[in-house]
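Asker: Here is my input; please provide its structure:
(2 chains)
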Amino acid sequence: MLVSLNWLKEYVDIKIPPFDFGEALTMSGTKVETLTVVSENVVNIFTGKITKIEPHPNADKLVVCTVDMGTDERVIVTAAKNVFEGAIVPVAVDGAVIANGTKIGTNDFRGLLSYGMFCSIEELGMNSDLFAKEIMEGILILPENTPLGMDARELLWLNDVIIDVELTANRSDCQSIIGIARESAATLDLPMADYKTYTAIENTDEIADYLSVKIENSACPRYVAKMLKVKKIEPSPLWMQVKLINSGVRPINNIVDVTNYVMLELGQPLHAFDYHSLQSKEIVVNTTTDKKIITLDNKERDIDETMLMITNGKAPVAIAGVMGGENSEITDNTTLIVLESACFNKGSVRLTAKHLGLRTEASSRFEKGVDPELAGIAALRATQLFLEIGACEVIEGLIDVYPKVETLKKVTLDINWFNAFVGITLTIDEISNMLSRLFFKVAKISEAVLEVEVPSYRGDIELKEDLAEEVARIFGYDNIPGTIMGGETMIGGKTPVQKFEDRLKNLLVGQGYYETLTTSFTSEKRLHGLNTELEDNLIALINPLGEENSIMRNTLIGHQLEVISLNYNRKNPFGRFFELSNTYHKNPNSGELPLEEMMLVISAYGSDDYFELKGMVELLLDQAGIKYPEFIAGGSEMLHPGRKAEIFVEGTKLGEIGEIHPLVVKNYELPKRCYVCQISFKALYGCASIDNKFVDLPKFPASNRDLAILLKQDIPAASIETIIRKNSGDILESIELFDVYTGAQIPEGYKSLAYALNFRHHQRTLNDNDINPVIDQILSELKITFDAQLRE
Amino acid sequence: MELQLKELRDRCLADLNAVDELKTLDNVRIKYLGKKGELTIALKGMGKLSNEERPIIGKLANEIREEIENNISAQKQALERKEIEAQIKEESIDVSLPGKKHQAGNLHPLTTTVNELKEIFLGMGFSIAEGPEIEWAKYNFDYLNVPQEHSARDLQDTFYCEDDIVLRTQTSPVQVRVMQKQKPPLRIISPGRVYRFDEIDATHSPVFHQMEGLVIDKGITMSDLKGTLDLFAKKLFGEQTKTKFRPHQFYFTEPSAEMDVTCFKCGGVGCKVCSNTGWIEVLGCGMVHPNVLRFCSIDPDEYSGFAFGMGLDRITMIKYGINDLRLLFENDLRFLTQFK
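Answerer: From the prediction side, this is the model:
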């Protein structure tokens, strides 16, 4: 919200520099984002009246103006087209600087000297967003009654500082000059000036002859209406226009400007109807079954029966709290106006504005909440202004439909509790004083307890904790000391699972893998690219950000492939990645939250092959204390049918590993060979046994035997190893496959697997009598099971 | 005899001098000192000497033997040194040639940041709590005191899976779950993934990360909140860091604040990183709202506590000077390899 410091100063005598003021406001809870001087550079621009315009003897496009500057007269040569005799304009005199920093001096225009320059809005540095193009292009023409020789900086508030404040959602009462003034007064401990309202004693209820108001919906807690006779629709006075401009609002005419002025000043949105266009003597506030309304901005809006409307009893004339209807708009011919100062529920206005996609200054204020008490005050303030600027005459009487007046809340505050809660020691008088500065009415009901009456506009204050914040922020958060927590000593620390996660990550990093971070979303299309049937336990979002983000991912593999694809296409020649993250699945039990399963995915492309990745996985399993994982051919459709395996530990499936299927390679624009392994973290942790226990170092030597086994090519090596292990018993210390051979000397369709077996007994030295029978047994079972034999 | 011995010694020393290889050195030793060596044989002839001569010659013979042995040993050392020198000379390498490549990966910078934050709080006795990302709306909103009609609940702000199930918009539901399950005293942090309905751009992402902290105990004060978070800031950004607490508003805390830290880049003078303010906004915090305590069956008259929350992606970006949030989720190796 933009706040004019000059306007604010009319209520609070702020003497400290703007920057310090901004800091003080921020530290008391009204966050100041920026402070901007309207026109920092501008100097020496004064008002002057063009008394005579003559053609330039040497140039068709130039004219020569004689200008009355109040104290002297000077000649200005200009090319501007909108100047006329009698016009009062801003004149940049010798030594002036305009908004963009250009210095103005006396210049020769085709043989005639010009002693300065007329200025446009842009040259003055005023908010150019608010003006139409034709006004922007010409010289700014000031009102007829503007005094001559006045400094434009002061007249047009070019010296004003615009404060951009960020308000929190609970402080709707600060959405106005008055609201910020209250905070300023409390923060700086200064008094606050009052504003004038219409207070004339009225003897008649003339308004009743014109109008009655009915509220038929609880979304409108109060509706105040005042009627005025329009004297003349014309531009509002310069001082009012300047305040609107510096608040970011475009001046329109004296009627509309007053409604906007009061909204900015007090925070109450107002609306003015053209009485005759209402074509009715009543106003009814309710929802309707109408389908359309044309709003003030000349747009047809689709409305429905959930939206609160202001009607003339037959048809809508305004969307309550959002925007007026074109059918009852103020025009140059308006002679009678109905001024609406009403309160609408924030929920109702929010939903209506949202459904219409129409947010206005009014709706955004109502959405945050407007105090119903304000409606009456604002109507009288606007009336006062209408009279003050000579725009209207009053029709006596006020309509005020206010079904349920809320009583003011009272909250008690125990100062001992307060001091203990905040960690400071303030006296009851100090606390009482700070609350009074914030316009709370405070009464001492005992030595240590205050009863605090909350102003109607402070809907956010309900509990003692709310008051604690009020006192603390006025006292200054920065003045609260920092202490170290007392209470019970807590050990804290990571759980075994959390430590295990760290171990996995560190191991992978140590082996050259990079951790990735990918989003949780996927889509049917992305999943189809994985060459797999869609699972029926996918979780779809009701309101996704586009189709490609419409489903919660049920696998990490897709995202890893996207990472590989990105890197490959950016010419990174190889890569190794991993991620430990959640996948999401429907819960088969209704009434329970979806399932989140943490998975570990590892992937590689470029220089690695299947066995490189498998080696990584084996190392990882080994480090998790898993002894004999099994890699059994098989796995999902996204993997290469001849190069994929499922990983089992004692019958429990951990996951799968393999090369990416050529079809998927195409779909994802991947390098020809990519490898991926996905493991369930829960299953892995379940199988892990990381109980480190010391075992005596061997005292007896080991015996080594090499076996070269000749067998059919399609028999998996793992099954040979299983047989060797099974028949060796405890004395087999290790087994290593050190050669796989096909080719010369090996029959077609066969292969030779060479194993190094290491036998050791912990109590004695093994000899041939121990080992030979084991070898025989191994060979015999290999022969029976696979028709495999020892290769001589 | 004496002459004979001296002549033998001279010959032996000359032989020794002539040896230029370790393997032939032993031949000299055998030739003179071996069982059938010249000196041994010569000494065998001692029996023939007279009683007067024998001790004199015996002494001389022993001296010569010792001299020869010393010389052999000295020559051995000299030859060994020579051999090593030759080996060294032959084996010299260009030490400036590059080493063999070893590969190490890296943790994602976000993880590194989270780890750093965890360490700080673990050291203060906090535990790490986790909870579901797909969460009941009541845990994400109601129990956190968010008003029923608040716009944060809209489809334009929050992702919904079902009418009453959302993708959590903050990690605060974890606090609620912990408070409902465990009795105070509590000190937890809950880092995790959260979601909001924002299109991805340089500073926003529909998926991002937060870490929240919660302390509940008897007699916890607002000054404890300040002290704890000030300590945290100094540990994360350096001892010289100053903090500033500005009043703010959150539904689940009252009083509430935002904490700024002095810009670690410029030290508070003002620079590009802090948009010339000298301060960087780091986290939101406050005293846990009594309604939230009551929702979790904790008596606010007996217990009090504070909570805080911060955006991890943002802190990561600030810490490393990363200028576009999208880089965190892109996983380009040229990005990932930068964070050791």
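Asker: The closest residue to A:Gln511 other than its chain neighbours: what secondary structure?
Answerer: Of all residues not flanking A:Gln511 in the chain, A:Met616 sits nearest, at 5.8 Å (Cβ to Cβ, 6 or more residues apart in numbering or on different chains). Quick note: C-beta positions are derived from backbone N, CA and C, even for glycine. Recorded secondary structure, A:Met616: helix (DSSP: H, G, I helix; E, B strand; the rest coil).
Asker: What's the mean pLDDT across the longest helix belonging to chain B?
Answerer: Counting residues, the longest helix in chain B under DSSP state H turns out to be helix B:53-91. Averaging pLDDT along helix B:53-91 yields 88.
Asker: Quick one: name whatever helix or strand follows that helix.
Answerer: helix B:109-122 (DSSP states H and E).
Asker: In terms of secondary structure, what does that following helix contact?
Answerer: strand B:186-195, strand B:207-217, helix B:222-237, helix B:312-320 (3 or more Cβ pairs under 8 Å, 6 or more residues apart in numbering or on different chains; DSSP states H and E).
Asker: quick one: contacts of the third one?
Answerer: What it means is helix B:222-237. A:421-424, A:472, A:477, A:480-486, B:116-117, B:120-121, B:124, B:215, B:241, B:243, B:245, B:255, B:257, B:259, B:261-262, B:264, B:282-283, B:285-287, B:306, B:308, B:315 (Cβ atoms under 8 Å, 6 or more residues apart in numbering or on different chains).
Asker: B:Met1 versus the closest residue to chain B within the stretch 601-750 of chain A, what's the distance?
Answerer: For the stretch 601-750 of chain A and chain B, the shortest gap (Cβ to the nearest Cβ) falls at A:Ser607, measuring 9.6 Å. As judged by Cβ to Cβ, to the nearest Å, A:Ser607 and B:Met1 stand 81 Å apart.
Asker: For the two, indicate the residue with more neighbours.
Answerer: Using other Cβ atoms under 10 Å in any protein chain shown, the more surrounded residue of A:Ser607 and B:Met1 is B:Met1, with 16 against 11.
Asker: Could you find the closest non-adjacent residue to the more buried one?
Answerer: B:Ile57 (5.4 Å).
Asker: So which residues on the stretch 551-700 of chain A come close to chain B?
Answerer: Within the stretch 551-700 of chain A, the positions near chain B by Cβ under 8 Å from any Cβ of the partner chain are A:552, A:563, A:566-567, A:570, A:572, A:575-578, A:582, A:584, A:593-594, A:596.
Asker: repeat that with 10 Å
Answerer: Proximity of the stretch 551-700 of chain A to chain B (Cβ under 10 Å from any Cβ of the partner chain) is limited to residues A:552, A:559-560, A:562-564, A:566-567, A:570-582, A:584, A:586-587, A:593-596, A:598, A:607.
Asker: Also the stretch 251-400 of chain A?
Answerer: A:Asn345, A:Lys346, A:Gly347, A:Ser348, A:Arg350, A:Leu351, A:Lys354, A:Glu367.
Asker: residues near the residue nearest to A:Gln511, how many?
Answerer: 23.
Asker: Give me the helices and strands touching the least confident helix or strand in chain B by mean pLDDT, please.
Answerer: Sorting the helices and strands of chain B by mean pLDDT, DSSP states H and E puts helix B:38-44 at the bottom, at a mean of 81. Judged by 3 or more Cβ pairs under 10 Å, 6 or more residues apart in numbering or on different chains; DSSP states H and E, helix B:38-44 is in contact with helix B:2-18, helix B:22-33, helix B:53-91.
Asker: Centre of the chain to the longest one, how far?
Answerer: A distance of 55 Å separates the centroid of the chain from that of helix B:53-91, by Cα atoms, centre = their mean, to the nearest Å.
Asker: Check the first one too.
Answerer: What separates the centre of helix B:2-18 from the centre of its chain is 68 Å, taken as Cα atoms, centre = their mean.
Asker: any idea of the angle that helix forms with helix B:53-91?
Answerer: Relative orientation of helix B:2-18 and helix B:53-91, computed by axes from the mean of the first three to the mean of the last three Cα atoms, to 10 degrees: 0 degrees.
Asker: Tell me which residues of helix B:2-18 come out buried.
Answerer: Residues B:Leu5, B:Leu8, B:Arg9, B:Cys12, B:Leu13, B:Asp15, B:Leu16 are the ones in helix B:2-18 that count as buried (16 or more other Cβ atoms under 10 Å in any protein chain shown).
Asker: same deal with the second one?
Answerer: Neighbour counts using 16+ other Cβ under 10 Å place B:Leu25, B:Val28, B:Arg29, B:Tyr32, B:Leu33 of helix B:22-33 among the buried residues.
Asker: which residues does the first one contact?
Answerer: Same thing as B:Leu25. B:Leu25 makes contacts with B:Leu16, B:Val19, B:Ile72, B:Ser73, B:Gln75, B:Lys76, B:Ala78, B:Leu79, B:Glu80, as judged by Cβ atoms under 10 Å, 6 or more residues apart in numbering or on different chains.
Asker: out of those residues, which are buried?
Answerer: Judged by 16+ other Cβ under 10 Å, buried ones among those: B:Leu16, B:Val19, B:Ile72, B:Gln75, B:Lys76, B:Leu79.
Asker: Quick one: residues contacting the fifth one.
Answerer: If I follow you right, that is B:Lys76. The contact partners of B:Lys76, taken as Cβ under 10 Å, 6+ apart, are B:Leu16, B:Val19, B:Leu22, B:Leu25, B:Asp26, B:Arg29.
Asker: now for those residues, which pair is the farthest apart?
Answerer: Across these, no pair lies farther apart than B:Leu16 and B:Leu22, at 12.6 Å, counting by Cβ to Cβ.
Asker: still on that earlier bit, ok, the residue of the stretch 601-750 of chain A closest to chain B touching A:Leu613?
Answerer: No: the criterion here is Cβ atoms under 10 Å, and A:Ser607 misses it with A:Leu613 at 11.3 Å.
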